[in-house]
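Undergrad: A predicted structure for the sequence below; I have some questions about it.
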Number of protein chains: 2
Amino acid sequence: MNIGEIAKRAGVSRSTVSYALSGKRPVSEETRRKIQQVVDELGYRPSASARALANGRTSTIGLVFPPAGNHYTGMQLDFIGSVVEAAAAYDYDVLLSPSGVDSDRSFQRLLGERRVDGAILMEIRLEDDRVDHLAELDFPSVAIGRTAHPERGWWVGLDHTALAAACVHHLADLGHRRVAFVNRPEQLLRAGYESAHRGLDGFTKAAAERGLTVRTYCCGDDAASGQACVEQILRDDPATTALVTLNEAALGGLYRGLARAGRHVPRDFSVTGVVAGRWAETVTPQLTAADVPAEEMGRRAVDLLVERLDHSDAPPRHHLLTPPISLRASTGPAGVTPTADAGSGTTP
Amino acid sequence: MNIGEIAKRAGVSRSTVSYALSGKRPVSEETRRKIQQVVDELGYRPSASARALANGRTSTIGLVFPPAGNHYTGMQLDFIGSVVEAAAAYDYDVLLSPSGVDSDRSFQRLLGERRVDGAILMEIRLEDDRVDHLAELDFPSVAIGRTAHPERGWWVGLDHTALAAACVHHLADLGHRRVAFVNRPEQLLRAGYESAHRGLDGFTKAAAERGLTVRTYCCGDDAASGQACVEQILRDDPATTALVTLNEAALGGLYRGLARAGRHVPRDFSVTGVVAGRWAETVTPQLTAADVPAEEMGRRAVDLLVERLDHSDAPPRHHLLTPPISLRASTGPAGVTPTADAGSGTTP
DNA sequence: TAGCTTCGCCGAACCGGTTCGATGAAGTGA
DNA sequence: TCACTTCATCGAACCGGTTCGGCGAAGCTA
């Protein structure tokens, strides 16, 4: 069923069918009804490929996935969901691009083969060749995250520096003096992941400001690593009374490690960090955290991208979000300074 | 940069360029090198839209999302990830289709506008109009899940009946006599979700077989609902000593509810169910569960779909998986029968 | 009633690839 | 030397839409 068939059955030319359906030129009411009738009878829908070829737009946006890391975190899930939903509202489809092992290849597919009108990038690095590359090509894209040179770009980001600092201040206000920082995996830190770097930065500076004693750790994106990380923390400094985490996937493991070590949260030990709200609520006690507004970020990224697609001359825009810390139940006042032998509390 | 430009610069015709690149007809080594050189210089890649139009294939598969439910669960994330990855290995892109509120519209986009060569459906219902519809059209698709009439279809499913039954037997073997069942949200059960129905079925039958006293509940897909559900369970029958859950998203809440009620897992209360392994490990104690092999299922779904796309006359195939229960730490022998007043253990 | 505008529709070209049949040059055998 | 095959390449048609310029009929003005 193509447009020619419709035209034939309606007794008009192909162009008339096209205009009747698109409304880009006036068509008499009578013909339009006749055409519509045939279209409805045959359930005709114009081919996306043909349309894309003709007018040079695919009505599809690409969602480019982490170039490192082997499985996805809950936060990414929230991004994906909200991007898909927001895109649908604008009548855009979303094409997922793994850009995993073979990053360049799928990138080439998206851009080189012109499968998408624009792209949304996730898991941004401070020096991100993908962002640079797209900027050079002037290819419409919006980053979820902020590189080291964000001035002229389109992005929606989270102020990880401020958020990590807020966590530190929150803990310091509660009287904690020895605090650990649980970052994303070392591999990602080394790769230059924005959140890992800016978060670490904010943590370190704020801790120095408040005169805290700190240690920082990298931790794999899974529960087992989280548990191991806590064990390490308590071994390195048994007097630690709180931690700040950026690592959502390890959260369950962090809690487990603390429980195993006999540290009660929040009585003996406070936990906070930067985590999507939905996941902060799954742990017990619920995590006091700066809630990553993943839903809002995804939606805004799509808004920006659509704006850029509709007005190719629009000046760069961005949103930097700084959500407040949601007080839940995982932090409390630093208690009596733990006795020196408290560190031996690992279970056999 | 189109194929004509390449042809001009290489001093050959457009068709020669096409053949040189596709290899579908022999081209002299000399011309092929000349063409390749021009292609490399200009970084030319053929347009996906034009190619799709010409040969009637988009090299894209659609991943159709739940028609009900407002946010995504971790299991779905695992499916998405593995599908994208497996598809990339076959050089297919993945188009996400929310099919959320306006299910028909995005479905029409995918099929009517021929944006995809085939589709993978998630969150199958026992009577699923999407599946029926696609079967009628003879549109290549694979379901992740199994309808009430799975004989002639392509799908990869989980034997929820057997898995739920296995959970029951596991608990019964441990001596539990009063067991609750925590299902997906009522809305989904009513909509006819396969896993909810088959799981409930397997649970009920196995419990009858073992002569257990049971109660079944529906529970929202979030921690708060899980907590409320446990409270309800212990109110309805304080002597309950175990539960089986299909509801991964509520898991954290279930644990919290038990802790609040003063029930220690697994000493006082056993928890098991059907949950993706990665998520079963995030809770403490780690969940003894039938691990949903989401990664394998996604991969197999893609394998089947590609097979069907390559051989349109292939007979229907499917995989029914029955992963074993992974023994972790959330179940234990039923202890002394709880005293009658144990049910009042909710915190104020 | 001639001349002008407006309206509704048509035909053709175009988007950028693929594919089929044809063509001419080179190679082979009698 | 001629007929026949083989090989490399070309031109044209096609996929299914969109869009532009033009044209005839109807309506309006003088």
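TA: Perfect, thanks for sending it.

Undergrad: Now do the strands in chain A.
TA: A:60-64, A:93-97, A:118-121, A:141-144, A:155-158, A:178-183, A:213-218, A:242-245, A:270-276, A:288-292, A:318-321, A:325-326 (DSSP state E).

Undergrad: Which secondary structure elements does the fourth one sit against?
TA: Counting contacts by 3 or more C-beta pairs under 8 Å, 6 or more residues apart in numbering or on different chains; DSSP states H and E, strand A:141-144 is packed against strand A:118-121, helix A:129-137, strand A:155-158, helix A:294-310. Every C-beta, even on glycine, is put in place using the N, C-alpha and C of the backbone.

Undergrad: and it, which residues are buried?
TA: Of the residues in strand A:141-144, A:141-144 count as buried by neighbour count, 16 or more other C-beta atoms under 10 Å in any protein chain shown.

Undergrad: outside of that strand, which residues touch it?
TA: Residues external to strand A:141-144 that are found in contact with it (C-beta atoms under 8 Å, 6 or more residues apart in numbering or on different chains): A:79, A:118-124, A:128, A:131, A:134, A:153-157, A:297-298, A:301-302, A:304-305, A:308.

Undergrad: What mean pLDDT does it get?
TA: Average pLDDT, strand A:141-144: 96.

Undergrad: Within its sheet, name the partner strands of that strand and how each one runs.
TA: Strand A:141-144 pairs in its sheet with strand A:118-121 (parallel), strand A:155-158 (parallel), by DSSP bridges.

Undergrad: For those strands, give me a markdown table that also has mean neighbour count and mean pLDDT.
TA: A markdown table is the format used below for these (neighbours: other C-beta atoms under 10 Å in any protein chain shown; pLDDT from 0 to 100):
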| stretch | mean neighbour count | mean pLDDT |
| --- | --- | --- |
| strand A:118-121 | 25 | 96 |
| strand A:155-158 | 24 | 98 |
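
Undergrad: can I get the ones you listed in a markdown table with distance to DNA strand C?
TA: Output for these, formatted as a markdown table (distance: least, C-beta to the nearest atom of the strand, whole Å):
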| stretch | distance to DNA strand C |
| --- | --- |
| strand A:118-121 | 18 |
| strand A:155-158 | 29 |
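
Undergrad: Which one of the ones you listed lies nearest to B:Pro238?
TA: strand A:155-158 (44.9 Å; C-beta to C-beta).

Undergrad: so where do the helices sit in the stretch 151-300 of chain A?
TA: In the stretch 151-300 of chain A, the helices defined using DSSP state H, counting those that start in this stretch lie at A:160-173, A:186-191, A:194-209, A:223-236, A:251-260, A:277-280, A:294-310.

Undergrad: want to try a markdown table for those, with mean neighbour count, distance to B:Thr288 and mean pLDDT as columns?
TA: Output for the helices of the stretch 151-300 of chain A, formatted as a markdown table (neighbours: other C-beta atoms under 10 Å in any protein chain shown; distance: least, C-beta to C-beta, whole Å; pLDDT from 0 to 100):
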| stretch | mean neighbour count | distance to B:Thr288 | mean pLDDT |
| --- | --- | --- | --- |
| helix A:160-173 | 22 | 34 | 98 |
| helix A:186-191 | 16 | 31 | 94 |
| helix A:194-209 | 21 | 34 | 98 |
| helix A:223-236 | 21 | 15 | 98 |
| helix A:251-260 | 23 | 15 | 97 |
| helix A:277-280 | 22 | 22 | 90 |
| helix A:294-310 | 21 | 31 | 96 |
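
Undergrad: Reformat these as JSON lines; add distance to B:Asp201.
TA: As requested, these are exported to JSON lines (distance: least, C-beta to C-beta, whole Å):
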{"stretch": "helix A:160-173", "distance to B:Asp201": "47"}
{"stretch": "helix A:186-191", "distance to B:Asp201": "44"}
{"stretch": "helix A:194-209", "distance to B:Asp201": "44"}
{"stretch": "helix A:223-236", "distance to B:Asp201": "31"}
{"stretch": "helix A:251-260", "distance to B:Asp201": "31"}
{"stretch": "helix A:277-280", "distance to B:Asp201": "30"}
{"stretch": "helix A:294-310", "distance to B:Asp201": "35"}
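
Undergrad: Nearest to chain B among those helices would be which one?
TA: Smallest distance to chain B across these (C-beta to the nearest C-beta): 3.1 Å, for helix A:251-260.

Undergrad: From the chain's centroid, how far away is the closest one?
TA: Between the centre of helix A:251-260 and the centre of its chain there are 25 Å (C-alpha atoms, centre = their mean, to the nearest Å).

Undergrad: do stretch A:211-224 as well
TA: For stretch A:211-224, the distance to the chain centre is 21 Å (C-alpha atoms, centre = their mean).

Undergrad: Now render the helices and strands packed on strand A:141-144 as TSV, adding distance to DNA strand D.
TA: Shown next, in TSV, are those (distance: least, C-beta to the nearest atom of the strand, whole Å):
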stretch	distance to DNA strand D
strand A:118-121	19
helix A:129-137	24
strand A:155-158	31
helix A:294-310	15
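
Undergrad: Adding distance to B:Gly257, write those out as CSV.
TA: Below are the helices and strands packed on strand A:141-144 laid out as CSV (distance: least, C-beta to C-beta, whole Å):
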stretch, distance to B:Gly257
strand A:118-121, 38
helix A:129-137, 44
strand A:155-158, 32
helix A:294-310, 26
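
Undergrad: Go through these and name the closest to B:Asn2.
TA: Of all the helices and strands packed on strand A:141-144, it is helix A:129-137 that lies closest to B:Asn2, at 17.1 Å by C-beta to C-beta.

Undergrad: List the buried residues of the closest one.
TA: Result for helix A:129-137 [16+ other C-beta under 10 Å]: buried residues A:130-131, A:134-135.

Undergrad: what's the angle between that helix and strand A:60-64?
TA: Going by axes from the mean of the first three to the mean of the last three C-alpha atoms, to 10 degrees, helix A:129-137 is angled at 140 degrees with respect to strand A:60-64.

Undergrad: Walk me through the domains of chain A.
TA: The record's domain parsing of chain A by automatic domain parsing lists A:3-46, A:60-158+A:294-323, A:160-293+A:327-344.

Undergrad: do the shortest one and chain B meet at all?
TA: This points to domain A:3-46. Yes: residues of domain A:3-46 are located near chain B by C-beta under 8 Å from any C-beta of the partner chain, namely A:43, A:45-46.

Undergrad: Within range of chain B, give me the residues from the stretch 101-250 of chain A.
TA: Contact residues, the stretch 101-250 of chain A versus chain B (C-beta under 8 Å from any C-beta): A:102, A:106, A:108-109, A:112-115, A:222-224, A:249.

Undergrad: re the thing from before, I'd like the domains of chain A written out as a markdown table, with distance to B:Arg198 added.
TA: Below are the domains of chain A laid out as a markdown table (distance: least, C-beta to C-beta, whole Å):
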| stretch | distance to B:Arg198 |
| --- | --- |
| domain A:3-46 | 34 |
| domain A:60-158+A:294-323 | 25 |
| domain A:160-293+A:327-344 | 26 |
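
Undergrad: Lowest average pLDDT across the ones you listed?
TA: Lowest mean pLDDT of the domains of chain A: domain A:60-158+A:294-323, a mean of 89.

Undergrad: centre of the chain versus that one, how much separation?
TA: Counting by C-alpha atoms, centre = their mean, domain A:60-158+A:294-323 comes out at 9 Å from the chain centroid.

Undergrad: What parts of the stretch 51-200 of chain A come near DNA strand D?
TA: Residues of the stretch 51-200 of chain A lying near DNA strand D by C-beta under 7 Å from any atom of the strand: A:51, A:53-55.
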